[in-house]
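> Just to be clear, the model below is a prediction. Sequence and coordinates:
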Amino acid sequence: MDRNSIKWSGPMPAVVTPFDDRGAISEALFQQNLETLLEKGATGFIVGGCTGEFWSLSPEERSRLYGLSARVVGGRATVIAGTSSISYREAIDLTKAAENAGCDGALVLPPYFVKLTDDEIFAHFEAISKSVALPIMVYNIPQAAINSISPTLALRLSELDPIVAIKESAGDWNNYYATALAVQHRLRVFCGPSSVYGVAAVLLGADGLIDCFPNVWAPGGLDLYHVVKGGNLEAARELQELGVALTGLFTSEGRTLYPSTKAAMELLGLPGGKLRPPLQPLDGDQYEGLRRGLVALGLLVEVGRSAKRLRA
């Protein structure tokens, strides 16, 4: 397999996993979010990834989420399941579960927490690749996973079957640029922090964008891809500026990305649901700062004591 074995492309949001007040997965809210994003132009989804709080899900819950996603989407878009684990054996089991559930591919991190050499990371992916048939998207996000997939290692991994794509989320344009140039002839390349440099990535030839922001900001976060492909660079510039501002808002004043995403969804009346520990909801000042920021950016308008979405 290689990039030509699949047709994955376009904006594929990394979707949240909504939890209810008891901490259980809210299947109704999850389905509602997928349907909303499909209507607004999503070409696929990452389910049970970092945005989906995969670390808090049991293997059984992850498998159930894969099946739910495949059933809801029903072939209308690509479904890529997060099947990462420190253990290659568990990653194999999860990837097989995603395949059996009807998902189109698997998103796989290098092992996390323990610092590894390139040879050890390669061995992890090699073991998985020998045991599964589902197409694999390698996931590079060293700020979360500890271990980094360099452009050189990405090229080496591209020789493994069934690795067909990479999600480059290092947050470093130079690394993204070097990785794309190294592997785009063999792997489909997806830009992770598209809210920061998605426009530049698409101009460089990115096959698609994967980000958490469309959960909050759609169709704008999805149109980052579409307007560039359509040649409307002025619209692209405006969307990128808003994306950068949202990124700053979500990660300032003590806020972090995933709690901010669900808090913003709540403020905007979107089906984000609750967080699951160890993540905690934003406190009063953080929540209020997020609300003010959304108003200032024109995404939320307040009327008296109530608020409503101003624009998507």
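Okay, I see it. Numbering: from 1, shown residues only.

> Please, where are all the strands along the protein?
For the chain, applying DSSP state E gives strands covering 10-11, 44-47, 78-82, 105-108, 136-140, 163-168, 188-191, 208-209, 300-303, 306-309.

> I'd like those strands as CSV, with mean neighbour count and distance to Pro18 appended.
Every C-beta, even on glycine, is put in place using the N, C-alpha and C of the backbone. Shown next, in CSV, are those (neighbours: other Cβ atoms under 10 Å; distance: least, Cβ to Cβ, whole Å):
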stretch, mean neighbour count, distance to Pro18
strand 10-11, 24, 20
strand 44-47, 28, 12
strand 78-82, 28, 16
strand 105-108, 27, 19
strand 136-140, 25, 22
strand 163-168, 27, 22
strand 188-191, 26, 24
strand 208-209, 26, 22
strand 300-303, 14, 20
strand 306-309, 12, 18
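
> Which among those is found nearest to Arg89?
strand 105-108 (13.2 Å; Cβ to Cβ).

> pLDDT on the closest one, on average?
Taken as a whole, strand 105-108 carries a mean pLDDT of 98.

> Report the backbone C-alpha coordinates of that strand in CSV.
The C-alpha atoms that make up strand 105-108 are tabulated as CSV, following Å, rounded to 0.1, in the frame of the first residue of the first chain:
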residue,chain,number,x,y,z
GLY,A,105,-8.1,3.5,8.5
ALA,A,106,-6.3,3.7,11.8
LEU,A,107,-4.4,6.7,13.4
VAL,A,108,-1.3,5.4,15.3
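
> starting at the chain centroid, how far to that strand?
Distance of strand 105-108 from its chain centroid, counting by Cα atoms, centre = their mean, to the nearest Å, is 11 Å.

> Next: stretch 177-193.
The answer for stretch 177-193 is 16 Å, by Cα atoms, centre = their mean.

> mind listing what's buried in it?
Neighbour counts over stretch 177-193 (16 or more other Cβ atoms under 10 Å) mark 177-180, 182-184, 186-193 as buried.

> again, but for stretch 150-170
Buried, per 16+ other Cβ under 10 Å, within stretch 150-170: 150-151, 153-158, 160, 162-170.

> end to end, how far does that stretch reach?
10 Å (Cα to Cα, to the nearest Å).

> With stretch 151-171 instead?
Note: stretch 151-171 ends 14 Å apart using Cα to Cα.

> for stretch 62-81, same thing?
9 Å.

> And for stretch 142-155?
17 Å.

> now for the buried residues of stretch 177-193, which pair is the farthest apart?
Arg186 and Pro193, at 22.7 Å, using Cβ to Cβ across the buried residues of stretch 177-193.

> Which one of the strands of the chain lies nearest to Asn33?
Per Cβ to Cβ, nearest to Asn33 of the strands of the chain: strand 44-47, 9.2 Å.

> What lies in contact with that closest one?
Contacts with strand 44-47, where a contact means Cβ atoms under 8 Å, 6 or more residues apart in numbering, come from 8, 10, 12-15, 17, 34, 37, 52, 65-66, 69, 73, 77-82, 103-104, 107, 167, 208, 210.

> any low-confidence regions in this structure?
For the chain, applying pLDDT under 70 flags the ranges 303-312.

> All the helices of it, residue numbers only.
27-39, 59-73, 88-101, 118-129, 142-145, 151-157, 173-183, 194-204, 220-229, 233-250, 257-267, 284-296 (DSSP state H).

> Asn232: neighbouring residues, count only.
Neighbour count for Asn232, taken as other Cβ atoms under 10 Å: 14.

> er, Leu233 actually
Count around Leu233 with other Cβ under 10 Å applied: 13.

> And for Lys130?
There are 11 residues near Lys130, going by other Cβ under 10 Å.

> From Thr179, how far off is it?
Applying Cβ to Cβ, to the nearest Å, one obtains 24 Å for the distance of Lys130 from Thr179.

> buried sites along stretch 254-274?
Result for stretch 254-274 [16+ other Cβ under 10 Å]: buried residues 255, 258-268, 270-274.

> residues in contact with that stretch?
With Cβ under 8 Å, 6+ apart as the criterion, stretch 254-274 contacts 16-21, 23, 26, 29-30, 32-33, 36, 50-51, 53, 212-213, 215-216, 249-251, 275, 279-282, 286-287, 289-291, 294, 299-300, 307-309.
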